[in-house]
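Engineer: Fold the stuff below for me.
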Amino acid sequence: STMDSHWYNQYLRPMQFIKESRVNFRDLDLSYLVYENYEKYIIDIFKDKSKFVGIFPRDTAHIFSQLDDPDTKQYGNLLLIAYHGWNWKSIATKIGVLETQRTKH
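Structural biologist: Below you'll find the predicted structure:
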């Protein structure tokens with residue numbers, strides 16, 4: 001997975017497996033990762049939950065301003081940023097995840 005040590009320590013390290021459940025880790029419901037649910041979950045994010053912010057690097061200033069100080073009234077809680085995979089390093093550095101070409105998402 002693409003993450004840095006801060007992200008890992010904040011989100012993954014505290015997870016505890018709940019023996020009775022295939023999809024719950026502490027307070028996180030990971031049922032969207034179940035194969036049968038995943039495609040619908042991703043479509044719902046693009047269709048109903050995320051708002052298009054711009055294309056990187058063309059709209060860099062606007063995209064980075066939204067990452068620094070999000071306008072949740074205009075864009076909600078999920079930002080949709082289009083980019084070519086070779087530009088991943090700049091975005092990854094800004095949001096604090098690994099600068100890898102492996103996943104590009």
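Engineer: in what helix or strand does K89 lie?
Structural biologist: Under the criterion of DSSP states H and E, K89 resides in helix 88-95.
Engineer: how about that helix: buried residues?
Structural biologist: By neighbour count on 16 or more other C-beta atoms under 10 Å, the buried set for helix 88-95 is W88, I91, A92. All C-beta atoms are positioned from the backbone trio N, CA, C, and that covers glycine.
Engineer: can I get the residues you listed in TSV with distance to E36?
Structural biologist: Shown next, in TSV, are those (distance: C-beta to C-beta, whole Å):
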residue	distance to E36
W88	29
I91	31
A92	30
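Engineer: And the helix holding K89, what does it pack against?
Structural biologist: Helix 88-95 sits against helix 60-68, with contacts defined as 3 or more C-beta pairs under 8 Å, 6 or more residues apart in numbering; DSSP states H and E.
Engineer: Please, where are all the helices along the protein?
Structural biologist: 5-7, 35-44, 60-68, 72-75, 88-95 (DSSP state H).
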